[in-house]
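**Student:** sequence plus the predicted model coming up.
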Amino acid sequence: MRSIQEENLLDLIEAIQRELAQDGRDTAYPGLSKSLNILKNKDRNGYGKLKHHLLSDFRRLYDNRHDNDALNRQFESACQLAEQIVSSKG
């Protein structure tokens, strides 16, 4: 069973992917897919990498100039949730 934080992060990552998919940009961000797989498969060993995957894609989003205020806020929230999950498992 997933925690509420895990469910919230899963929903948030899926929302980010949906937004990126509207313009066909979702495939440019593999960290989102990796994070989803970690959460969906409850890969406890992968939890420590969640924030890294999200931050990598956050930087890539900025570098590709695909960012906007809404996406930035979503990524920031996702990174905060990932950090909370990791610290609660730690």
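**Tutor:** Yes, it's here.

**Student:** and stretch 3-21, how far out from the chain's middle?
**Tutor:** 7 Å (CA atoms, centre = their mean, to the nearest Å).

**Student:** and if you look at stretch 74-90?
**Tutor:** Worked out by CA atoms, centre = their mean, stretch 74-90 lies 9 Å from the chain centre.

**Student:** with just CA atoms, put it into CSV.
**Tutor:** Extracted C-alpha coordinates of stretch 74-90, given in CSV (Å, rounded to 0.1, in the frame of the first residue of the first chain):
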residue,chain,number,x,y,z
GLN,A,74,4.5,21.3,-10.3
PHE,A,75,8.1,20.2,-10.5
GLU,A,76,9.0,22.1,-7.3
SER,A,77,6.1,20.4,-5.5
ALA,A,78,7.2,17.0,-6.9
CYS,A,79,10.7,17.5,-5.7
GLN,A,80,9.5,18.5,-2.2
LEU,A,81,7.2,15.4,-2.1
ALA,A,82,10.1,13.2,-3.2
GLU,A,83,12.3,14.6,-0.5
GLN,A,84,9.6,14.0,2.1
ILE,A,85,9.2,10.4,0.9
VAL,A,86,12.9,9.7,1.1
SER,A,87,13.2,11.2,4.6
SER,A,88,10.3,9.2,5.9
LYS,A,89,11.8,6.0,4.5
GLY,A,90,15.3,6.9,5.8
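
**Student:** now do the helices in the chain.
**Tutor:** Ranges of helices in the chain, per DSSP state H, are 4-21, 30-40, 50-63, 69-89.

**Student:** list the buried ones in the first one?
**Tutor:** For helix 4-21, burial by neighbour count (16 or more other CB atoms under 10 Å) applies to 6, 8-10, 12-13, 16-17, 19-20. (C-beta placed from N, C-alpha, C; glycine too.)

**Student:** packing partners of that helix?
**Tutor:** Here helix 4-21 touches helix 30-40, helix 69-89, going by 3 or more CB pairs under 8 Å, 6 or more residues apart in numbering; DSSP states H and E.
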